[in-house]
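Undergrad: need a structure here:
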Amino acid sequence: LKGFKKLLGSTALATSLVATSFFTGLTPAANAADVLIDNGETLSLTDKNGDTGGNMASDSTEDYTLTGTSTINAIGDMAIKSLDFISATAVVTTVDNGTLTVVTIDTNDDAASSQLKTSADGHIIVTGAVTSSDAAAGNVVKFVLESASTLTMSGTAASNAIIDGGGATFTVAANAVRTQSGIIGGAERLGTLDLDGTLTMTGVASTVAILDLDGTMNGVGTTLNVSGVSTLDGSVDVVTGIVLTGASTLENTTTLEVDVAGSGGEEILFGSTLNSTANENNNVTLVANVIEFDGIVGGASNGGLGDLIITGALDLDAAITDVETLTVSSTTSLGAAITTTGTTGTTMTFTDGVTLTAASALTTANTNISLEEVAGAFNLTLVAGTGDVTASGAITAVTTMTVTSAGTATFAAVTNATETQLDSS
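TA: The predicted structure follows:
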């Protein structure tokens, strides 16, 4: 400073010059407002604009505009602020060799929907909104995920993107609150839906091979269709229907609900077995117009359920072999046996009529059975041990009804089975 003062003849001027020079030297260059990636270019940490234009900052402050087919080489992992698809034709960009984290994605393509693809070792994390500013309706971003790759959405935001990818995983992160108006698994069934946060679907279907439910899914005009296994530790509340074709396992207390205000077809379908995690006897509440079981319930080793609560009609085509209690609020189509293992009170309650569609047996562990009316030209066996059997409605057209109860058997209305056998031993 003394040297500068002697040279310049002014302490104030010397001080100003030194300060300006020093702090200017510490100020980093500002990030470009938009980085343009042209057709055929590859973006990477060492090539921030795809044409050897310098290293990428990777600090989530870069805005990228994509105008053609391009590649994001994410080796070492990359973080950017936004991706904007802008082209007269559809843009296809592939993420490869690592994880790309991006805040927002938007498309403005007049001709067709743009695609953000992954290779088998490419992964995408989206923390903000996925939108379309395109005037042409339906031209939204489409995620096309290669088998073994992943798409994760976190934060609180909406997405109208279509998500496809056989063998790939779409994860809604823990604590995320996402709204999805694009179809999941429409053109190609998604590999795994890993739901840890909250996902609200708006009028579109989710078609997946595997469901890992640890969070919440809801939506209007929405169908959830799972072709493979489901692990259930959360809740689903949709309008149109739930189809779980493969084996299902309750990992904790679970609620599955389909809006029952519809015309009657809205249902929950279990196409295969339903069990609890071994030795946990987890509870499940099912709410729909119709709940259908085509696979055995509680049949796995130590896989019995706790309380099975059905709000709606029960359509039973396979045995319920081990639940602590069963409650059905509406009618029952009974085509298989039911066994409850609870040890107190009434463990089997049918609030509305039961129609036999095959010979059936209702068995408790010395607890009560409560029926309304029963009809159907098949055999019915009621085994309550020391418990009571109560029917508040008529028993009609049953071929043979066998009642085994050391307690009280009460039939409040007409009992019109072809044959009735009572055993109080």
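
Undergrad: Tabulate the CA atom coordinates of the host helix or strand of Ala313 in PDB.
TA: Element membership for Ala313, per DSSP states H and E: strand 305-316. Extracted in PDB, the C-alpha atoms of strand 305-316 (Å, rounded to 0.1, in the frame of the first residue of the first chain):
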ATOM      1  CA  LEU A 305     -53.100 -62.400   8.800                       C
ATOM      2  CA  GLY A 306     -54.400 -60.400  11.800                       C
ATOM      3  CA  ASP A 307     -57.700 -58.600  11.200                       C
ATOM      4  CA  LEU A 308     -59.100 -58.900   7.700                       C
ATOM      5  CA  ILE A 309     -61.700 -56.000   7.400                       C
ATOM      6  CA  ILE A 310     -63.700 -55.900   4.200                       C
ATOM      7  CA  THR A 311     -65.900 -52.900   3.600                       C
ATOM      8  CA  GLY A 312     -67.800 -53.900   0.500                       C
ATOM      9  CA  ALA A 313     -68.800 -57.300  -1.000                       C
ATOM     10  CA  LEU A 314     -66.600 -60.400  -0.700                       C
ATOM     11  CA  ASP A 315     -66.100 -62.700  -3.700                       C
ATOM     12  CA  LEU A 316     -64.200 -65.600  -2.400                       C
END
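
Undergrad: Can you tell me which helices and strands that strand packs against?
TA: strand 274-276, strand 284-293, strand 320-328, strand 332-334 (3 or more Cβ pairs under 8 Å, 6 or more residues apart in numbering; DSSP states H and E). The C-beta positions use only the backbone N, C-alpha and C, and glycine is treated the same way.

Undergrad: got those strands as TSV, with mean pLDDT columns?
TA: Below are the helices and strands packed on strand 305-316 laid out as TSV (pLDDT from 0 to 100):
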stretch	mean pLDDT
strand 274-276	98
strand 284-293	96
strand 320-328	98
strand 332-334	98
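
Undergrad: Can you say which of the ones you listed is packed in most?
TA: Across the helices and strands packed on strand 305-316, averaging neighbours per residue (mean count of other Cβ atoms under 10 Å) puts strand 274-276 on top, at a mean of 26.

Undergrad: which other helices and strands contact that one?
TA: Applying 3+ Cβ pairs under 8 Å, 6+ apart, one finds that strand 274-276 makes contact with strand 248-250, strand 305-316.

Undergrad: mind listing what the first one pairs with, with the direction of each?
TA: Applying DSSP bridges to the sheet, strand 248-250 is found paired with strand 230-232 (parallel), strand 274-276 (parallel).

Undergrad: Contacts for the first one, please.
TA: What that stands for is strand 230-232. 210-213, 244, 246-252, 254, 256, 284 (Cβ atoms under 8 Å, 6 or more residues apart in numbering).

Undergrad: picking that back up, the strands paired with strand 248-250: which one's closest to Thr127?
TA: strand 230-232 (26.0 Å; Cβ to Cβ).

Undergrad: List the buried residues in the closest one.
TA: Within strand 230-232, the residues that count as buried by 16 or more other Cβ atoms under 10 Å are Ser230, Thr231, Leu232.

Undergrad: Give the next helix or strand downstream of it.
TA: strand 235-238.

Undergrad: mean confidence for that next one?
TA: In this model, strand 235-238 has a mean pLDDT of 94.

Undergrad: What is the helix or strand just after it packed up against?
TA: Downstream of strand 235-238, the next assigned helix or strand under DSSP H and E is strand 241-244. On a contact count with 3+ Cβ pairs under 8 Å, 6+ apart, strand 241-244 meets strand 223-226, strand 254-258, strand 267-270.

Undergrad: Can you name the residues in contact with the second one?
TA: Spelled out, it's strand 254-258. Strand 254-258 has contacts (Cβ under 8 Å, 6+ apart) with 213, 232-242, 266-268, 282-289.

Undergrad: May I have it exported as PDB, CA atoms only?
TA: Once non-C-alpha atoms are left out, strand 254-258 reads as follows in PDB (Å, rounded to 0.1, in the frame of the first residue of the first chain):
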ATOM      1  CA  THR A 254     -52.200 -51.800   5.200                       C
ATOM      2  CA  THR A 255     -55.300 -50.100   3.700                       C
ATOM      3  CA  LEU A 256     -56.300 -50.500   0.100                       C
ATOM      4  CA  GLU A 257     -59.400 -48.500  -1.100                       C
ATOM      5  CA  VAL A 258     -61.300 -48.100  -4.300                       C
END
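
Undergrad: how far is that strand from where the chain is centred?
TA: A distance of 12 Å separates the C-alpha centroid of strand 254-258 from that of its chain, computed with Cα atoms, centre = their mean, to the nearest Å.

Undergrad: Average pLDDT for that strand, rounded please.
TA: 95.

Undergrad: and that strand with strand 305-316, angle?
TA: Here the directions of strand 254-258 and strand 305-316 differ by 20 degrees (axes from the mean of the first three to the mean of the last three Cα atoms, to 10 degrees).

Undergrad: when you compare where strand 254-258 runs with where strand 284-293 runs, what's the angle?
TA: Using the same axes, to 10 degrees: strand 254-258 against strand 284-293 is 50 degrees.

Undergrad: Wait, Ala337 touches Ala319, no?
TA: Yes. Using Cβ atoms under 8 Å, Ala337 is in contact with Ala319, at 4.7 Å.

Undergrad: need the contact list for Glu292.
TA: Glu292 neighbours (Cβ under 8 Å, 6+ apart): Glu267, Ile268, Leu269, Phe270, Asp315, Leu316, Asp317.

Undergrad: what pairs with it across the strands?
TA: Bridge pairing for Glu292 - DSSP bridges - gives Leu269, Asp315.

Undergrad: hang on, the earlier thing: mind putting the buried residues of strand 230-232 into JSON lines with pLDDT?
TA: Conversion of the buried residues of strand 230-232 to JSON lines gives the following (pLDDT from 0 to 100):
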{"residue": "Ser230", "pLDDT": "98"}
{"residue": "Thr231", "pLDDT": "98"}
{"residue": "Leu232", "pLDDT": "98"}
